[in-house]
Each structure stands twice: as C-alpha cells, then as structure tokens.
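[1] Generate coordinates for the sequence data below:
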Amino acid sequence: MRTLYQFPLSHFCEKARWLLDHKELEYVAHNLIPGVHRAFAQLKTGQNRLPILRDQDRWIADSTEIALYLDEVYPEHSLLRADLQQRELALEINQQATELGMHVRRWGLAHTLSQSEESLDILIGEKGYLRQFEKYSKPIIKALLSKGYQLNADKVAESKQRMDALIGLLNQRLIENHGRYFVGERLGLADIAVCSMLAPLLEIPGTPWEKEHGEVLSEEFKKYKETLTELPLGQYVLRIYQTERNARVDWRGV
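    Residues are numbered from 1 along each chain as shown. This is a model prediction of the structure:
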C-alpha cells in the first residue's frame, strides 16, 4: 500500500493527494507532527519537508517530484503532455504555482493564527498525545509555525505583494488559454498545482480550509477572497474543484 506522509492543512500535501487521486491510485494519508516531521523526513529522503510518498521501497519527496514519478511509473491519466512545448509550459506554470503557494502559506497562516485556533485543532488531530495535552501542544505548534514560516509583519507584507503579482500573471495565462484549462484541453499538473495553491484563500467546501461554522478571519482576508473570486482565475479554481476534484481519500488522514 502506498503511503502519503502529510500535514492535513498543507496545500502542497493537497496537491499530492490530488495527483494520486487523479491517477486513481490507492494510498493512505498519514499525518506527521509539525516540527517532529523534520527528523523523519531527513532520515527517509535527505530533506525535511512534506509531502513524502512511499511507494513500496521508493521514497519520493516534494509534490512536483511526486508528479514526475507518478507519470513515469503510472502513465495512465497523464499529468504532463507528450508534446514538448505543452510539457515545458505546464512545468513553468507549476513552478509559478509553487512560488505562489509559499506566499499563500505565509500570508494565510499569519491571518489564521492571529484570528482562530481552528487550524491548530486540525493539526493536533482528534486523538493522541497532542490532543490529550492540547493545553501545551497548541502553543508549541503555534510557535514552531511562526518561526518556521517567518510570520513576522515584514515577511507577511512581502508575501502579499508577491501573491498579487503571481495571481495577476496566472490570471492572464488562463485568459490566453480561453479559461478552461491552463495547458491543452484537459486537467493536468498545471491545473492541479494552481488550484491547490489557491484553495486556502477561497475556503472551498470539502477542503481543509472550508469554514464549517461560519467563522470569519480578518476583514483583509475576507476582502482578498472576494477579489479573487471575482477574477476569471478564482472562478476557474472553484469550477475545477467542483467538477474535477474527485477525492478518494479523506484529507484528515490518520
């Protein structure tokens, strides 16, 4: 059985889940503890980030590397096109989405951790030691996230500026391809990458970022969501999630 080592709230892990689901492959989503995951990741893959896919005796780190591996080993439902020009374009858009995701993560986490502890509830899980000692585990995880992702005011402001630029660029790319998909005439790596990276900003139903009880973050976050929703890019992400995100595994993991 394949295992995807993940954080439930990570949009990079959402991308990896979607890649596996698109390939219609069976797998288990296994949660690791933030901070503690670094030792595990370093031991298994020589780096300290998630997601990590274990496929029998193969360990593959990074969502993009997972995509390339899956296309090589499981070519059905390909993520990249055989046409060289389309392949290169998809990889270029994927790289832009990766950069966007890093800034979305910082900006989104800064707003989430300042307004609500709901995300921490998801991170510590419904049971286990972190839940048993949540009085202590929540402040520790919050501190680890703040330090690890540099959630200081200057860095958050820089990420907001870069988010704006990348969203504008991707919005224009989508318009140039007539708004249906980023590359070609069907879903591929570029689409999955962009949609996964923007999902936290749109709080899409059925994803880890859905607000189930009507919680509202900051006014700034609310306005940004509204602005993104009005763009062709935002409408595209909502449509693709509704029509193409056929999840086979619960994002909450085990």
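[2] can you pull out the strands in the stretch 1-150 of the chain?
    Secondary structure of the stretch 1-150 of the chain (DSSP state E, counting those that start in this stretch): strands located at 2-6, 27-31, 52-55, 58-61.
[3] List the buried residues in the second one.
    Buried residues in strand 27-31, counted by 16 or more other Cβ atoms under 10 Å: 27, 29, 31. Bear in mind the C-beta positions are built from the backbone N, C-alpha and C, glycine included.
[4] The first one too?
    The neighbour-count criterion (16+ other Cβ under 10 Å) identifies 4, 5, 6 as the buried residues of strand 2-6.
[5] Beta-bridge partners for the first one, please?
    On the basis of DSSP bridges, residue 4 is bridged to residue 29, residue 53.
[6] how much space is there between it and residue 195?
    Separation of residue 4 from residue 195 (Cβ to Cβ, to the nearest Å): 18 Å.
[7] Measure how far the longest helix belonging to the chain is from the centre of its chain, please.
    Looking across the chain with DSSP state H, the single longest helix is helix 84-115. Centroid separation for helix 84-115 versus its chain: 8 Å, with Cα atoms, centre = their mean, to the nearest Å.
[8] That one - contacts with which helices or strands?
    The contact analysis (3 or more Cβ pairs under 8 Å, 6 or more residues apart in numbering; DSSP states H and E) places helix 84-115 against helix 11-22, helix 63-73, helix 118-124, helix 134-148, helix 153-176, helix 189-202, helix 219-230.
[9] With mean neighbour count added, can I get these in a markdown table?
    Converted to a markdown table, the helices and strands packed on helix 84-115 look like this (neighbours: other Cβ atoms under 10 Å):
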| stretch | mean neighbour count |
| --- | --- |
| helix 11-22 | 25 |
| helix 63-73 | 19 |
| helix 118-124 | 19 |
| helix 134-148 | 14 |
| helix 153-176 | 16 |
| helix 189-202 | 27 |
| helix 219-230 | 14 |
